[in-house]
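Asker: how would this look folded up:
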Amino acid sequence: MTTAVLEPPRHISASLAVRHGLALAGRGILKIRKNPSQLLDVTLQPILFMIMFVYLFGGAIAGGTGAYLQQLTPGLMVQNIVMASMAAGVALNTDVSKGVFDRFRSMPIARSAPLVGAVLADIVRYLVALGTLVVTAMIMGFRVQTGPLPLLAALALMVLTGLCFCWAPVFVGMLMRSPVAVQGTMIAFIMPLTFGSNVFVPASTLPGWLQAWVHVNPVSLLTEVTRGLLNGGPVLGPLLGGLAWLAGFVVVFFPLAMRAYRHRVS
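Answerer: Numbers count the residues shown, from 1 in each chain. Model (predicted):
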């Protein structure tokens, strides 16, 4: 007696595809619950970056650790979210290498569900990274100058940033043959974004050619928005630019990731 293999339906509604993605997101969250060590990078890294940059460079850059802490914390929120999003590509590459997606392919689920589920599950990582960073900053002396609602808005924007930016590492994860290659490629992509920005130093202190990039860098724009929300200052202009970049990441990398995924598992 032979066992029939279920083939995914040819057409799945958008609402059903969302349900499939949420179900697989639950699988990803369950994996984190069973193995909390997956969160070590988003708990230790924010603390280490905060302590090192504030106490090593605060005096030289801002004349004191207190002033630098107020400027650095919003920028590190952006940097840590961008770094945390890299894990989605690494995890998906690992699943493909282990044959997990072969089982998904035989199930009657939307083709996008495994990727969407992995991306949504990473919301837990983003919240842990943000919570660790903000608590550490407040212990060191950082204070929100605007109020709780702008703080919540900044946190929501950071989660949205992770959900949009992570499609780049997901695409890379579907292309590379090993998790190490995914991590190396994404670090080479992320470093110019984060360090070639206004996160650590004012743009005015940089060479003219670099300032031109810093002013349009999505990390710089999102840092300006977060600083405005937490410390006070203009928000609308950089917010529009930052949202345009985030939409661009989704428009470009989501279809590329889906195409690479279909090719990888076919």
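Asker: what are the ranges of the helices in the stretch 1-150 of the chain?
Answerer: 14-34, 40-62, 65-84, 86-97, 100-105, 113-121, 123-140, 148-165 (DSSP state H, counting those that start in this stretch).
Asker: Pipe these into a markdown table and attach mean neighbour count per row.
Answerer: Every residue, glycine included, has its C-beta placed from N, CA and C. As requested, those are arranged in a markdown table below (neighbours: other CB atoms under 10 Å):
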| stretch | mean neighbour count |
| --- | --- |
| helix 14-34 | 15 |
| helix 40-62 | 16 |
| helix 65-84 | 23 |
| helix 86-97 | 22 |
| helix 100-105 | 14 |
| helix 113-121 | 23 |
| helix 123-140 | 19 |
| helix 148-165 | 18 |
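Asker: Quick check: which of the ones you listed is nearest to Leu236?
Answerer: helix 148-165 (12.6 Å; CB to CB).
Asker: Any idea how far the closest one is from the middle of the chain?
Answerer: Helix 148-165 sits 11 Å away from the centroid of its parent chain (CA atoms, centre = their mean, to the nearest Å).
Asker: Packing partners of that helix?
Answerer: Contact here means 3 or more CB pairs under 8 Å, 6 or more residues apart in numbering; DSSP states H and E; on that basis helix 148-165 packs against helix 65-84, helix 123-140, helix 218-231, helix 236-265.
Asker: the inter-axis angle of the helix or strand following it versus helix 236-265?
Answerer: Later in the chain than helix 148-165, the nearest helix or strand by DSSP states H and E is helix 167-175. Interaxial angle of helix 167-175 relative to helix 236-265 (axes from the mean of the first three to the mean of the last three CA atoms, to 10 degrees): 10 degrees.
Asker: And the next helix or strand past helix 167-175?
Answerer: Defined by DSSP H and E, the subsequent element after helix 167-175 is helix 179-195.
Asker: Any buried residues in that next one, and which?
Answerer: 179, 182-183, 185-186, 190, 193-194 (16 or more other CB atoms under 10 Å).
Asker: Could I get the residues you listed in JSON lines, plus columns for distance to Gly21 and pLDDT?
Answerer: Below are these laid out as JSON lines (distance: CB to CB, whole Å; pLDDT from 0 to 100):
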{"residue": "Pro179", "distance to Gly21": "22", "pLDDT": "89"}
{"residue": "Val182", "distance to Gly21": "21", "pLDDT": "92"}
{"residue": "Gln183", "distance to Gly21": "24", "pLDDT": "91"}
{"residue": "Thr185", "distance to Gly21": "25", "pLDDT": "93"}
{"residue": "Met186", "distance to Gly21": "22", "pLDDT": "93"}
{"residue": "Ile190", "distance to Gly21": "25", "pLDDT": "93"}
{"residue": "Leu193", "distance to Gly21": "27", "pLDDT": "93"}
{"residue": "Thr194", "distance to Gly21": "29", "pLDDT": "93"}
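Asker: Closest to Gly141 out of those?
Answerer: For the buried residues of helix 179-195, the residue nearest Gly141 by CB to CB is Thr194; the value is 23.4 Å.
Asker: Out of the helices and strands packed on helix 148-165, which is closest to Leu155?
Answerer: Using CB to CB, those put helix 123-140 closest to Leu155, at 5.6 Å.
Asker: before we move on, the earlier item: least reliable of the helices of the stretch 1-150 of the chain by average pLDDT, please.
Answerer: Mean pLDDT values for the helices of the stretch 1-150 of the chain show the minimum at helix 100-105, a mean of 68.
Asker: sorry, back to before: out of the helices of the stretch 1-150 of the chain, which gets nearest to Val201?
Answerer: Taking those one by one with CB to CB, helix 40-62 is closest: 5.9 Å.
Asker: Now do Gly242: how many residues are near it, please.
Answerer: Applying other CB atoms under 10 Å, we find 26 other residues in the vicinity of Gly242.
Asker: And it, how close does it get to Ser220?
Answerer: Taking CB to CB, to the nearest Å as the criterion, Gly242 is separated from Ser220 by 9 Å.
Asker: How about Ser15?
Answerer: Ser15 is 37 Å from Ser220, by CB to CB.
Asker: quick one on the thing from earlier: turn the helices of the stretch 1-150 of the chain into JSON lines, columns for distance to Val172.
Answerer: Output for those, formatted as JSON lines (distance: least, CB to CB, whole Å):
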{"stretch": "helix 14-34", "distance to Val172": "18"}
{"stretch": "helix 40-62", "distance to Val172": "17"}
{"stretch": "helix 65-84", "distance to Val172": "14"}
{"stretch": "helix 86-97", "distance to Val172": "5"}
{"stretch": "helix 100-105", "distance to Val172": "16"}
{"stretch": "helix 113-121", "distance to Val172": "13"}
{"stretch": "helix 123-140", "distance to Val172": "17"}
{"stretch": "helix 148-165", "distance to Val172": "12"}
